[in-house]
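> What follows is a predicted structure for the sequence shown.
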Amino acid sequence: MLEALDAPYLQRALLAGLALSVPLGLLGCWIVLRELAFFAHAVGVATFPGVVIGIALPGVGPFVGALIAALGFSAAVSASETDHRLRGGTVTGLALAVALALGAVLLTASGAGAAPVERLLFGSLLAISSGDVLRCLAGAAVTVVALGLLRARLAATTFDAGWAGPAGARERPTAAILLVLVSLVVVCALPAVGSLLVSALLVVPAATARLMVARVGPMLVWSIVLCAAETVAGVALAQSLDLPPGAATALVAGLVFALVAGGQAVAKRIPRPVAT
Amino acid sequence: MTGAAAGLGELATTALDWIGEPWGSGFMRRAFAEAVLCGASAGALGCFVLVRRLSFLGESIAHTIVLGVALALVLGLPLGLGGVLVAVATAGLTGAIAGDRRLSADTATGILLPTLFAAGIALLAVTGGGRRLDDLLFGSILGVEEADLVLAALVALAVLVVLGVAGKEMVLVAFDRAAARALGYRVAMLDAVLLTLVALAVTSGLRAVGSILLAGLLLGPPLAARLLCRTFWPMVAVAAAIGALSGMAGLYLTWYLAIGAGPAIVLVVATAAALAAAVGSALRAREASGDGAPAG
Amino acid sequence: MSTTPTLSASELSVSFGPREALTAVSFELSAGTFAGVLGPNGAGKTTLLRALLGTLDHRGSVRLAGRPAYVPQAGAIDTAFPVDALGVVLMGRYPRLGWRRRPGSEDRRRALEILEQVGLSAQGRMSFGALSGGQRQRVLVGRALAQEGDVILLDEPLTGVDGPSAAVLLDVFEAQRRAGRTVVMTTHDLAQAARVCDRLLLLNRTLVADGRTDQVFRPEVLRRAYSGELLLIDGQTALLDDAHHHDHDHGS
């Protein structure tokens, strides 16, 4: 099986997947802790019209189109998503449905057909280009640096949105930067896992990590490790069952979460000897 | 004068022709019926989804239901049954995961939506249901058959009956769960009823706009109605009306502009919401400058 | 002892839309003061603190000499957040770390000292969510201490806190006062404030009274502050503070 790794398409796939698992794992933790899963899913979906327009316009390309759509979407819903009391509301839901409808209409108008739709929605990690890999690496680098610098503020404002303001860590700019980073990473991950399932890799490994440890530092590390492992396993599964890689990785991630959550639920029922 | 009257008459005739043309086709008549029924049901139920802040769960069910359809196809069950079972399972699992205080409802939904959806896609892929997937994702209202219409009609009827019988109680549960429980209402049962209705509406809505766009039909009309109405029951009525009318308007766009029906319907809904926002804020601005006393 | 004010307000007013929350509040506090801000619900106590910190738009002026430290009411805290007691106290050091994101050994040492000050050295590694209400409040005060502010603002720090924890916290506040800091605490508990504070400010949208306990604790003064919610019995003052007081002259 290792000889298969000689195939350049597989090398690119693994490189992209592993590069992405770092920002996906890191961001995923903050998404879980700050209850941004709905936003992350919606941003993924919202890239669709941007990709269609980007492909149709010469010189723009799907990446730039997707990025503009994602950032535009974030700006549109940022008022409701940066206030921790209003997060995850109806505005986000409607905005995402509109984005998809727009994308579908534009797709029909541009006459592109159904096959690219599947790829946009579910990814094509095994057909990823070198350009995409480079973008994954660049996006990963930007995100890692930004999250590293913001780590303390993120922890303080997530734990207590009411305190950090006067003490120097600003809640709204930090929240806004996070939305931008999510947009960037989602767009980088599109060629790999597609827009509908990218949220799986953002949310599920981080949630699994949350069940395993009780402090932010270890949670960040485990999230990256799980994300990377699940991506690799997902690629293997996609190859053997001829599934879209996005679907395969989502399934693997879900299974791992179920094992950890189920295991803990069972362990709670086992009576423990009382320590004396 | 007669020239103008004749001109007006001609305009009216042309307009009537335009409006009436699609109704000549059988499949369009069925599509109109489906759109009206699904739009009204989804619009009305969406109001409850909105006030109970269940938008993400609604979006989640709209996706995980694909797994239900896939399972139903594989096991030879009626599609509606598969849909309801998976929808209920989604809600139940979401609650179970969110029960762990380390994880929120948002996270729980964020876990189940893509994983169960992926399971549905995978199942369809390995059982050769690939063509089905397009229909499920984007809707296929122009291929609506009598069986679908029957389901849609039954769902609409169920919504009417339930809201007529238990609507007040459901509103109470939405606004003050603790009080409802204290008054002796079976809150869990009312939740289950709402959930089942949403599952049925989503299943029948799959035909109309598809899994991905369903959130638009479920959340859009209530949002527009919310901007226009101040109390709940008018909001439900307005949302149902907007849902139904958007369905019809979207189909006209499909007929005359040859764009996808599902996307067309959702775009009309979005336009309605934008108009409602404009009208609503204009109304509020007039109110604020009109009398000095604050509302209250 | 220096008498230049460390915390002062001059004609401070705050409005939320048409509603005036604070009107023309003026006072001066110097170093080494432990002030209690009293008033019924809706009097503007929290608003005052936020205006003093500069996080609210206001008219008039506010002067705060040095660094502030703040303990808000606990409403916005996510108790499921994965952090231990030591971690929360360390968060108080974050604003001073700037872009250097990691707290160093000096920060940790200081945090451990503070945990001891609030009587929680054994609980440092316990998850914040697993602590009792009183313990959590002590940790949050510890976070404020870690900020090493010259002016410490506390919003109802003792409300709902068990007796022993409250006693520890009052000792801490007194120690801060002796060290020359300015401590400002909003509270409902009139009797307690009279016991431990050396300065009382009675707030009911305006500053009704400002002075030492014996100056402020007079029936006619208290009546002005708690208008209508005061009951006089046998010439001694008994206070009935309606905990569910609602403001009726503003919408929703």
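Ah, there it is.
> Pull out the buried residues from stretch C:126-144.
C:126-129, C:131, C:134-144 (16 or more other CB atoms under 10 Å in any protein chain shown). No exception for glycine: its C-beta is placed from N, CA and C like everyone else's.
> Count the neighbours of the closest residue to chain B within the stretch 51-200 of chain A for me.
At 2.9 Å from chain B, residue A:97 is the closest residue in the stretch 51-200 of chain A, using CB to the nearest CB. Other residues lying near residue A:97 total 30 when counted by other CB atoms under 10 Å in any protein chain shown.
> That one against residue B:266, yeah?
Yes: the criterion here is CB atoms under 8 Å, and residue A:97 meets it with residue B:266 at 5.5 Å.
> Could you report the neighbour count for residue A:142?
15.
> so what does the helix or strand harbouring it touch, helix or strand wise?
Per DSSP states H and E: residue A:142 is located in helix A:130-159. On a contact count with 3 or more CB pairs under 8 Å, 6 or more residues apart in numbering or on different chains; DSSP states H and E, helix A:130-159 meets helix A:8-33, helix A:164-167, helix A:171-193, helix C:85-91, helix C:94-97.
> quick one: which of the buried residues of stretch C:126-144 is nearest to residue C:152?
Comparing those against residue C:152 with CB to CB places residue C:144 closest, at 5.9 Å.
> Next, find the distance separating the closest one from residue B:88.
48 Å (CB to CB, to the nearest Å).
> Which of the three states applies to the residue nearest to residue C:26 when sequence neighbours are not counted?
Among residues not flanking residue C:26 along the chain, residue C:10 sits closest, at 5.1 Å (CB to CB, 6 or more residues apart in numbering or on different chains). Secondary structure state of residue C:10, per DSSP: H, G, I helix; E, B strand; the rest coil, is strand.
> Near residue C:10, how many residues? Count them for me, please.
13.
> Equivalent analysis for the one 3 residues further on, please.
A total of 17 residues lie near residue C:13 under the criterion other CB under 10 Å.
> check contacts around it.
Listed by CB atoms under 8 Å, 6 or more residues apart in numbering or on different chains, the contact set of residue C:13 reads C:20, C:22-25, C:58-60.
> Show me what it is bridged to.
According to DSSP bridges, the partner residues bridging residue C:13 are residue C:59.
> quick one: it and residue A:128, what's the gap?
60 Å.
> Could you do residue B:15 as well?
52 Å.
> For those two, indicate the residue with more neighbours.
Neighbour totals were compared for residue B:15 and residue A:128, and residue A:128 leads with 21 against 10 (other CB under 10 Å).
> Hmm, residue A:193 and the more buried one touching each other?
No: judged on CB under 8 Å, residue A:128 makes no contact with residue A:193 at a distance of 10.3 Å.
> The residue of the stretch 151-296 of chain B found nearest chain A: neighbour count?
The minimum distance from the stretch 151-296 of chain B to chain A, using CB to the nearest CB, falls at residue B:216 (2.9 Å). Counted with other CB under 10 Å, residues neighbouring residue B:216 total 32.
> isn't it right up against residue B:270?
Yes: using CB under 8 Å, residue B:216 is in contact with residue B:270, at 7.0 Å.
> What mean pLDDT does the one helix or strand residue A:43 maps to get?
Assessed by DSSP H and E, residue A:43 sits inside helix A:37-56. Across helix A:37-56, pLDDT averages out at 88.
> got the buried residues for the lowest-mean-pLDDT helix or strand in chain B?
One helix or strand of chain B scores below all others by mean pLDDT, DSSP states H and E: helix B:130-138, with a mean of 78. Neighbour counts over helix B:130-138 (16+ other CB under 10 Å) mark B:132-133, B:135-138 as buried.
> go on, stretch C:21-38?
By neighbour count on 16+ other CB under 10 Å, the buried set for stretch C:21-38 is C:21-23, C:25, C:27, C:29-38.
> Tell me which residues are up against stretch C:185-199.
Contacts of stretch C:185-199 (CB under 8 Å, 6+ apart): C:29, C:33-39, C:45-46, C:48-49, C:154-159, C:170, C:173-174, C:177, C:200, C:210-213, C:217, C:239, C:241, C:243.
> Need the distance between the two termini of it.
End-to-end distance for stretch C:185-199: 10 Å, by CA to CA, to the nearest Å.
> and residue C:144, what is it in contact with?
Here residue C:144 is in contact with C:69-71, C:92, C:152, C:154 (criterion: CB under 8 Å, 6+ apart).
> Apply 10 Å and report the result again.
Counting by CB atoms under 10 Å, 6 or more residues apart in numbering or on different chains, residue C:144 makes contact with A:163, A:167, C:68-72, C:89, C:92, C:114, C:152-154, C:157, C:172, C:176, C:183.
> and the buried residues of helix B:130-138 as a markdown table, adding distance to residue B:252?
Shown next, in a markdown table, are those (distance: CB to CB, whole Å):
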| residue | distance to residue B:252 |
| --- | --- |
| B:132 | 27 |
| B:133 | 27 |
| B:135 | 22 |
| B:136 | 24 |
| B:137 | 23 |
| B:138 | 19 |
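> Now do residue B:241 against chain C, distance only.
Here the criterion is CB to the nearest CB, to the nearest Å. By it, residue B:241 lies 28 Å from chain C.
> I'd guess residue B:277 is in a strand, am I close?
No: applying three-state DSSP, one finds residue B:277 to be helix, outside a strand.
> In space, what's closest to it - neighbours in sequence excluded?
residue B:227 (5.1 Å).
> residues from the stretch 151-252 of chain C in reach of chain A?
Counting by CB under 10 Å from any CB of the partner chain, the residues of the stretch 151-252 of chain C lying close to chain A are C:153, C:155.
> still on that earlier bit, and the residue nearest to residue B:277, how many neighbours?
So residue B:227, with other CB under 10 Å, has 20 neighbours.
> isn't it right up against residue B:275?
Yes: assessed by CB atoms under 10 Å, residue B:227 is found in contact with residue B:275 at 9.3 Å.
> Now do stretch B:209-224, average pLDDT.
In this model, stretch B:209-224 has a mean pLDDT of 86.
> chain center to that stretch: distance?
Here the centre of stretch B:209-224 is set off from its chain's centre by 5 Å, with CA atoms, centre = their mean, to the nearest Å.
> what's the straight distance from one end of stretch C:141-158 to the other?
For stretch C:141-158, the separation between the terminal residues is 11 Å (CA to CA).
> ranges for the helices of chain B?
For chain B, the helices defined by DSSP state H cover B:2-20, B:26-51, B:55-75, B:79-99, B:105-126, B:130-138, B:146-175, B:177-182, B:187-228, B:232-257, B:261-290.
> Between those helices, which one is closest to residue A:264.
Among the helices of chain B, helix B:79-99 comes nearest to residue A:264, with 11.5 Å by CB to CB.
> how about the closest one against chain C, any contact?
No: judged by CB under 10 Å from any CB, helix B:79-99 stays clear of chain C, getting no closer than 11.0 Å.
> Run the angle between that helix and helix B:187-228 for me.
Counting by axes from the mean of the first three to the mean of the last three CA atoms, to 10 degrees, helix B:79-99 lies at 100 degrees to helix B:187-228.
> Point out the other helices and strands that helix B:79-99 packs with.
Based on contacts counted as 3 or more CB pairs under 10 Å, 6 or more residues apart in numbering or on different chains; DSSP states H and E, the elements that helix B:79-99 packs against are helix A:245-269, helix B:55-75, helix B:105-126, helix B:146-175, helix B:187-228.
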